[in-house]
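Student: Here is my input; please provide its structure:
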Amino acid sequence: MLTGQPSKAGKSYSQQFPFTVSDIYGGAVYPENLGNITEGEQNNHAARTPEFLVSRANANLTVRESTASFFFHPYLDIEYLKKTVTGIKRLGYEFRPVTELK
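Tutor: Numbering: from 1, shown residues only. Alright, predicted model coming up:
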């Protein structure tokens with residue numbers, strides 16, 4: 001998009017950041033860098049457990065002033081959410097509304 005050249009069909013482009021960034025139009029892009037919980041393989045990814053998300057949050061601690069963010073599908077067992085939140089809090093993270101991110 002930045003080059004003005006057309007993208008190649010079938011090629012996917014994405015970036016993940018551990019903090020809020022601005023897109024090329026000036027809009028805020030909030031992180032979702034830990035991913036989401038899945039009970040089985042999905043979108044060519046292995047199942048992602050609460051423990052997996054917590055391990056990603058732990059790795060994220062290497063970046064100063066970073067944000068660890070994930071998505072939870074409300075149709076999943078609430079115990080997955082509880083395990084994820086508890087594990088991430090044990091790492092020292094505090095949960096904040098996305099509206100407080102800068």
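
Student: switch to C-alpha atoms for all contacts and neighbour counts from now on
Tutor: Will do.

Student: Endpoints of stretch 30-38, how far apart?
Tutor: Between the start and the finish of stretch 30-38 there is a gap of 21 Å, counting by C-alpha to C-alpha, to the nearest Å.

Student: Identify the residues contacting residue 83.
Tutor: 50-51 (C-alpha atoms under 8 Å, 6 or more residues apart in numbering).

Student: so where is the chain shaky, pLDDT-wise?
Tutor: 1-2, 9-15 (pLDDT under 70).

Student: Going by length in residues, pull out the top helix of the chain.
Tutor: When the chain is parsed with DSSP state H, its longest helix is helix 78-90.

Student: Please state the offset of that helix from the chain centre?
Tutor: Between the centre of helix 78-90 and the centre of its host chain there is 15 Å, according to C-alpha atoms, centre = their mean, to the nearest Å.

Student: Flag every buried residue along it.
Tutor: Judged by neighbour count using 16 or more other C-alpha atoms under 10 Å, the buried positions of helix 78-90 are 80-81, 83-85, 87-88.

Student: repeat for stretch 61-73
Tutor: Buried residues in stretch 61-73 (16+ other C-alpha under 10 Å): 61, 67-69.

Student: Now go through the residues you listed and say which are in helices.
Tutor: Residues from the buried residues of stretch 61-73 lying in helices, with DSSP H as the criterion: none.

Student: Now tell me what touches stretch 46-63 from outside.
Tutor: Outside of stretch 46-63, the residues that reach it under the criterion C-alpha under 8 Å, 6+ apart are 18, 34-41, 66, 68, 70, 80-81, 83-84, 87-88, 91.

Student: still on that earlier bit, with distance to residue 51 as added columns, please give the buried residues of stretch 61-73 in CSV.
Tutor: Listed next are these as CSV, based on distance: C-alpha to C-alpha, whole Å:
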residue, distance to residue 51
61, 16
67, 18
68, 14
69, 14
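
Student: Looking at those residues, which two lie furthest apart in space?
Tutor: By the measure C-alpha to C-alpha, 61 and 69 form the most distant pair in the buried residues of stretch 61-73, at 12.3 Å.
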